[in-house]
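Peer 1: Build me a model from this:
(one chain, ligands or ions: 1)
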Amino acid sequence: MPTQIENVFPASRTGRTTAWAVTAVVAGSTLVATAALAPARAAEPIFEPWRDAADRHGVTTGFALSPAHLGDPGYRAIAEREFSLVVAENAMKWDATEPSRGTFTWGQADQVAAFAESNDAELYGHTLVWHSQLPGWVESISDPDELRTVMYDHIDAVAGRYADQVDAWDVVNELWEGDGSRRQSVFQRVLGDGYVAEALTRARQAAPGADLCLNDYSTDAINAKSTAMYDLVADLLDDGVPIDCVGFQSHLIVGQVPGTFQQNLQRFADLGVDVRITELDVRMDVPASAADLQRQAADYRAVVEACLAVDRCTGVTVWGIDDGHSWVPDVFSGQGAALPWDAQYQAKPAYTAVAEALDARPDDAGPTPSPTPTSGPVDAECTVTWSHAAWGTGYTGSVTITNSGAEAWSSWELTTTLPGGQVLQQGWSADWSQTGSTLTASNAAWNASVAPGGTVQIGYNAAHTGDTSVPTDVAVNGSPCH
Ligand code: G3I
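Peer 2: Predicted coordinates:
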């Protein structure tokens with residue numbers, strides 16, 4: 001397995017896997033189930049949108065968009081709700097925009113730009129000059145004048161087209177080898193070290209209002225590669241070359257957020273450029289364990305906190321939305337689960353960790369508040385449905401409580417008996433506890449009020465030793481439910 005520092009991106013790709021084991025997580029805790037990809041379901045938000053919380057910090061939350069996925073309601077709902085910045089995952093790259101010389105195709109790129117505009121989100125440009133996803137006709141040029149002309153024409157056309165929309169461009173992407181030497185791309189081989197300054201200068205002319213960035217992976221720590229980037233940025237600034245920002249891709253492996261991450265961002269900021277986390281994901285072996293998903297959440301939290309701690313960090317972009325549409329399994333065999341939503345668009349612990357790192361408020365679009373709240377618990381008339389998904393030593397219980405009475409609840413407490421020696425492990429969307437075999441779930445602050453006819457959904461994980469049956473006798477506020 002490549003280390004995070006090596007972070008090899010193989011050239012050959014396998015086709016997208018259409019059915020694979022997933023570990024689904026609901027509202028911050030773990031629901032482990034091995035399943036084929038299911039049809040899309042709408043997300044179930046529990047915090048205010050990330051973008052609103054991020055806005056209070058003066059940063060943006062971004063995501064890499066593949067416009068073909070926008071027809072999927074689950075994908076679209078998250079895309080619209082959570083993100084204040086959009087970057088094309090592939091649609092603005094050279095092979096997508098200029099597949100043959102002088103012939104430009106804008107269809108998908110325009111869709112990305114239109115989505116950003118309609119969603120009142122910033123548009124981030126990715127990318128103008130890159131060795132990958134570069135058409136063969138560019139790759140084969142060996143004459144410096146011709147290549148420079150081709151590079152300038154491409155920058156003029158692409159950056160020029162979106163000059164009024166793109167807030168910042170990755171002008172040159174992935175220019176370094178791991179040891180801090182220049183990557184031997186066609187641009188480097190034919191034009192030499194100066195191609196970076198030439199590209200930046202041309203981009204400034206083509207899109208005078210856009211910030212101009214260099215972007216790379218495995219530059220998240222202080223290491224040879226990031227130091228090469230640092231030295232180059234310092235030189236470019238000294239030479240008066242337009243450079244405004246540096247992107248840190250942060251394609252991370254679970255448990256491996258570098259200890260020098262924040263310090264590294266800070267040293268670039270201290271040079272006088274903005275910094276951004278541009279392609280965050282945190283991969284792991286799949287099927288993912290509950291422990292790895294918790295570690296992943298801590299990693300996401302650490303990255304967001306590092307950005308917030310650095311004044312010139314403009315925000316965090318995740319490289320996709322959900323595990324069903326991530327580049328990771330195509331490239332790293334046996335790995336995945338890298339994004340904050342699972343393949344069914346259920347929020348993972350990483351979603352909650354990001355929300356908490358941003359100080360997001362509980363979602364105010366939760367259950368409908370009672371029109372006539374009572375002053376305290378009342379005898380409940382209730383209906384409860386209980387479903388579960390079991391595996392070898394545990395199961396996840398999903399509980400829907402309905403207020404089937406005529407009076408609103410201003411608070412509620414569910415009590416029941418766990419069968420067969422089951423032991424509560426963790427729960428969500430309520431305060432859960434177990435005494436003996438008695439299981440209790442009390443409302444969280446945000447779901448205390450339940451109007452007549454209203455429902456609350458909560459869940460928990462329990463360990464079992466063979467008996468996976470779920471409780472049957474349930475009471476809410478002391479009154480038996482149906
Ligand atoms: O568009 C073709 C399609 O016509 C064809 O049928 C299909 C067959 O495999 O391939 C499609 O192209 C794929 C393309 O994504 C669009 O889906 C390529 O094979 C595939 O290699 C390409 O992968 C992209 C990768 O960049 C290429 O290097 C990933 O989606 C994209 O997430 C990834 O993004 C990069 C960033 O740009 C730079 N930093 C690293 C990051 C992850 O590799």
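
Peer 1: Test my guess that Ala451 contacts Asn403.
Peer 2: Yes. Using CB atoms under 8 Å, Ala451 makes contact with Asn403 at a distance of 6.8 Å. C-betas here are computed from N, CA, C, even on glycine.

Peer 1: Please say which of the two ends up with more neighbours.
Peer 2: Asn403 (25 against 17; other CB atoms under 10 Å).

Peer 1: Quick check: the residue of this structure nearest the ligand.
Peer 2: The nearest approach of the chain to the ligand comes at Trp327, 3.5 Å away (CB to the nearest ligand atom).

Peer 1: Leu339 is in contact with that residue, correct?
Peer 2: No. Taking contacts as CB under 8 Å, Trp327 lies outside contact range of Leu339: 10.2 Å.

Peer 1: any idea how far stretch 247-265 is from the chain center?
Peer 2: 15 Å (CA atoms, centre = their mean, to the nearest Å).

Peer 1: Show me what counts as buried in that stretch.
Peer 2: 247-254, 256-258, 260-262, 264-265 (16 or more other CB atoms under 10 Å).

Peer 1: try stretch 264-271
Peer 2: Asn264, Leu265, Gln266, Arg267, Phe268, Ala269, Leu271.

Peer 1: Other residues contacting that stretch?
Peer 2: Around stretch 264-271, the neighbours that count as contacts under CB atoms under 8 Å, 6 or more residues apart in numbering are 219-222, 226, 229-230, 233-234, 237, 246, 248, 258, 275, 306-307, 309-313.

Peer 1: out of the residues you listed, which are buried?
Peer 2: 219-222, 226, 229-230, 233-234, 246, 248, 258, 275, 306-307, 310, 312-313.

Peer 1: and the residues you listed near the ligand, which?
Peer 2: Near the ligand, taking CB under 6 Å from any ligand atom as the test, no member of these is found.

Peer 1: from these, which ones fall inside strands?
Peer 2: The members of the buried ones among the contacts of stretch 264-271 that map onto strands under DSSP state E are Val246, Phe248, Val275, Cys313.

Peer 1: In a markdown table: these, plus pLDDT and distance to Leu424.
Peer 2: Shown next, in a markdown table, are those (pLDDT from 0 to 100; distance: CB to CB, whole Å):
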| residue | pLDDT | distance to Leu424 |
| --- | --- | --- |
| Val246 | 99 | 46 |
| Phe248 | 99 | 40 |
| Val275 | 99 | 43 |
| Cys313 | 98 | 39 |
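
Peer 1: In terms of pLDDT, where does Ala42 sit?
Peer 2: Note on Ala42: pLDDT of 38.

Peer 1: Please apply the same query to Ser370.
Peer 2: Looking at Ser370, its pLDDT is 33.

Peer 1: same question, Gln4
Peer 2: On the pLDDT scale, Gln4 gets 34.

Peer 1: what do you get for the one 4 residues further on?
Peer 2: As predicted, Val8 sits at a pLDDT of 39.

Peer 1: right, is the strand or helix carrying Ala64 up against the ligand?
Peer 2: Using DSSP states H and E, Ala64 sits in strand 60-65. No. Contact of strand 60-65 with the ligand (CB under 6 Å from any ligand atom) is absent, the minimum separation being 6.5 Å.

Peer 1: What's the mean pLDDT across that strand?
Peer 2: 98.

Peer 1: Rounded mean pLDDT for the helix or strand that it is followed by, please.
Peer 2: Remark: after strand 60-65, the chain's next helix or strand is helix 73-82, criterion DSSP H and E. Taken as a whole, helix 73-82 has an average pLDDT of 96.

Peer 1: Kindly report the same for stretch 465-475.
Peer 2: 87.

Peer 1: in it, what's buried?
Peer 2: Thr468, Val470, Pro471, Val474.

Peer 1: In helices only, show me these.
Peer 2: Among those, none falls in helices (DSSP state H).

Peer 1: how about the helices in this protein?
Peer 2: 50-56, 73-82, 94-97, 107-118, 136-139, 144-161, 186-191, 195-206, 224-238, 261-271, 290-308, 328-331, 349-357.
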